[in-house]
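[1] could you look at this predicted model? Sequence included:
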Amino acid sequence: MALLDDVAAIAKLAAASIDDIGAAAGRAGAKAVGVVVDDTAVTPRYVAGFQPERELPVIWRIAKGSLFNKIVLILPVILLLSQFLPWALNPLLMLGGAYLCFEGAEKLYEALTGGGHEEAEDVAALGTPEHEKQMVSGAIRTDFILSAEIMVIALAEVATLHLGVRAATLVAVALLITALVYGVVGLIVKMDDIGLKMAQGRLGGTRALGRALVKGMPVVMSVLSVVGTAAMLWVGGHIVVAGLEKFGFGWLAHAIHHDAEAAAHAVPALSGAVLWLVETLGSAMVGLGLGAVIVVLMHLIPRKGGAGH
C-alpha cells in the first residue's frame with residue numbers, strides 16, 4: 001500500500017509537470033506567433049517550380065530539416081547559453097537577423113539587375129535532384145534563423161522554470177510550430193490540386209470555386225514569394241533593432257515606435273493596424289539598409305576588385 005501511495009504521488013507530480021509544460025508551451029508559442037507567420041510566408045517560394053508530385057516530399061524534407069534545426073542544433077545551445085552565458089543570446093540573434101537582411105536584400109538586388117541567363121539556367125534545372133537539393137538546403141538555412149528566433153522568444157517566456165521543464169517546453173514548441181508552419185505551407189502549395197479536384201465535382205458552385213482556385217493560386221504563390229522576401233527584411237530588421245535596444249542603443253527602436261504612434265493617432269479608426277504597419281515598415285527599412293550594405297560588401301566590392309586585378 002505504501003508503494004502504491006508513492007506511485008500515485010509520482011503520477012500526480014508527473015501530471016502536474018505535463019500540465020505546466022503544456023501551459024508554458026501555449027504561452028511561448030503565442031509569443032512566437034509573429035515569427036511563425038513570417039516563416040509560413042517565406043517557405044512557399046522554395047517550393048515554387050517543382051512538379052506537383054515533388055511538392056509534398058520537398059516540404060517534408062524541409063520540415064525534417066526545420067525540426068533538426070530546432071531540437072538538435074538550437075535547443076541544446078540556447079539552453080546552455082541561458083544557463084551559463086545568457087548575455088550571448090542577443091548578439092547571436094542579431095547575427096542571424098543580419099543574415100536574413102542580407103538574403104532579402106540579395107533577392108531584391110537579383111530582381112533589379114535582371115539575370116535572364118541565370119533564370120534560363122534555373123528553368124532548365126527545375127526538377128533535377130541537384131536543384132531540389134539546392135532549394136531544400138536554402139530553405140533549411142533560412143529556417144534556421146527563424147527557428148532560432150522562435151526558440152529564443154519561447155525560452156524567454158519560460159526562463160524562470162526548472163531546466164528540465166524548460167527543455168520539455170521548448171521541444172513541445174518546436175514540434176507544434178513545425179507541424180503548424182509546414183502543414184499550412186503544404187496546404188498552400190497543394191491548393192491548386194485541390195481546386196482541380198473540386199472543378200471536376202458535380203455541384204456548379206463547387207466547380208466554380210475549384211476553377212477559381214486553379215486560376216488564382218499562381219498569383220497567390222507569386223504574392224507569397226514577394227511577401228517572403230519582405231518578411232526576411234522585416235524580421236531581420238526587427239531582430240537587429242531589438243538587439244540594439246538591449247545593448248542600450250534604443251534610439252532607433254524609439255524613433256520607429258514614435259513615428260508609428262504618430263501615424264496611429266492620425267487614423268484613430270485603424271490605430272492598431274496602422275501602428276503595426278508603420279513599425280513593420282520601419283524594421284523593413286532598417287533591414288533593407290543593413291542588407292544592402294552586406295550585399296555591396298559580398299558582391300560588388302569583390303567583383304570590382306577582381307575586375308581591377
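    Right, received. Where do you want to start?

[2] how about the helix or strand where Val184 lies: buried residues?
    Per DSSP states H and E, Val184 falls inside helix 163-189. Of all the residues in helix 163-189, those buried under the rule 16 or more other Cβ atoms under 10 Å are 166-170, 172-174, 177-178, 181-182, 184-186, 188-189. The way it works is simple: take the backbone N, C-alpha and C, and place the C-beta from them, glycine included.

[3] same check, this time on stretch 288-296
    For stretch 288-296, by 16+ other Cβ under 10 Å, it's Leu288, Leu290, Gly291, Ala292, Ile294, Val295.

[4] what segments of the protein are helices?
    2-31, 33-42, 52-68, 75-84, 89-112, 116-125, 129-157, 163-189, 191-199, 204-246, 251-266, 271-295, 301-308 (DSSP state H).

[5] want to throw the ones you listed into TSV with mean pLDDT?
    Rendered in TSV, the data for those read as follows (pLDDT from 0 to 100):
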stretch	mean pLDDT
helix 2-31	52
helix 33-42	59
helix 52-68	88
helix 75-84	89
helix 89-112	86
helix 116-125	46
helix 129-157	83
helix 163-189	86
helix 191-199	84
helix 204-246	83
helix 251-266	93
helix 271-295	93
helix 301-308	57
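
[6] helices or strands up against the helix holding Val184?
    Under the contact definition 3 or more Cβ pairs under 8 Å, 6 or more residues apart in numbering; DSSP states H and E, helix 163-189 sits against helix 2-31, helix 33-42, helix 52-68, helix 75-84, helix 129-157, helix 204-246.

[7] Leu112: how many residues sit nearby?
    Applying other Cβ atoms under 10 Å, we find 8 residues neighbouring Leu112.

[8] His254 too?
    Neighbourhood size, His254 [other Cβ under 10 Å]: 11.

[9] one more: Phe249?
    11.

[10] so can I have JSON lines of the helices and strands packed on helix 163-189 showing distance to Leu277 and mean neighbour count?
    Below are the helices and strands packed on helix 163-189 laid out as JSON lines (distance: least, Cβ to Cβ, whole Å; neighbours: other Cβ atoms under 10 Å):
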{"stretch": "helix 2-31", "distance to Leu277": "21", "mean neighbour count": "13"}
{"stretch": "helix 33-42", "distance to Leu277": "14", "mean neighbour count": "21"}
{"stretch": "helix 52-68", "distance to Leu277": "28", "mean neighbour count": "17"}
{"stretch": "helix 75-84", "distance to Leu277": "31", "mean neighbour count": "15"}
{"stretch": "helix 129-157", "distance to Leu277": "21", "mean neighbour count": "20"}
{"stretch": "helix 204-246", "distance to Leu277": "11", "mean neighbour count": "19"}
